[in-house]
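> Got a sequence here, can you build the structure:
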Amino acid sequence: MSFRFTEKLILSLKPGVVYKTVKGKGIILYSAGVGSYYEFPIAESIHIGPMVEVALVQDDVNYLAGFHMGFSF
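Numbers count the residues shown, from 1 in each chain. Sure, this is the predicted structure:
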């Protein structure tokens, strides 16, 4: 689920599942995260921009920062 605060600033809520291998055994864990993106248009339906995300996996926390590229349709 995404919320557009301004024309270019987006906040996304991301529930999901994660497949993880522990000691050679695969397990499935639940996860939930929140991410923020800022869009700079480079063409009519293509945008790029910075992103920051935090995800809570059942037994871990993941942090992510970088750039994204998206296609609008």
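
> got a list of what Q58 touches?
Taking CB atoms under 8 Å, 6 or more residues apart in numbering, we find Q58 in contact with V18, L29, Y30, S31. C-betas here are computed from N, CA, C, even on glycine.

> For stretch 12-21, which outside residues touch it?
Residues contacting stretch 12-21 (CB under 8 Å, 6+ apart): 1-3, 26-37, 53, 55, 57-58.

> let's see it at 6 Å
M1, S2, I27, I28, L29, Y30, S31, A32, G33, V34, G35, V57 (CB atoms under 6 Å, 6 or more residues apart in numbering).

> Adding secondary structure, write the contacts of Q58 out as a markdown table.
What follows is the contacts of Q58, written out as a markdown table (DSSP: H, G, I helix; E, B strand; the rest coil):
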| residue | secondary structure |
| --- | --- |
| V18 | strand |
| L29 | strand |
| Y30 | strand |
| S31 | strand |
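
> from those, which is closest to E44?
Nearest to E44 among the contacts of Q58, counting by CB to CB, is S31 at 33.8 Å.

> so that closest one makes contact with V57?
Yes. The criterion here is CB atoms under 6 Å, and S31 meets it with V57 at 4.5 Å.

> need the helices for this structure, in chain order.
Per DSSP state H, the chain has no helices. Nothing in it meets that criterion.

> hmm, which two among the contacts of Q58 are most spread apart?
The farthest-apart pair in these, when distances are taken by CB to CB, is V18 and Y30, at 7.7 Å.

> farthest-separated two in the contacts of stretch 12-21?
Maximum pairwise distance among these (CB to CB): 28.8 Å, between S2 and I27.

> In strands only, show me the contacts of stretch 12-21.
Judged by DSSP state E, the contacts of stretch 12-21 include S2, I27, I28, L29, Y30, S31, A32, G33, V34, G35, V57 as members of strands.

> and the residues you listed, which are buried?
G33, G35, V57 (16 or more other CB atoms under 10 Å).
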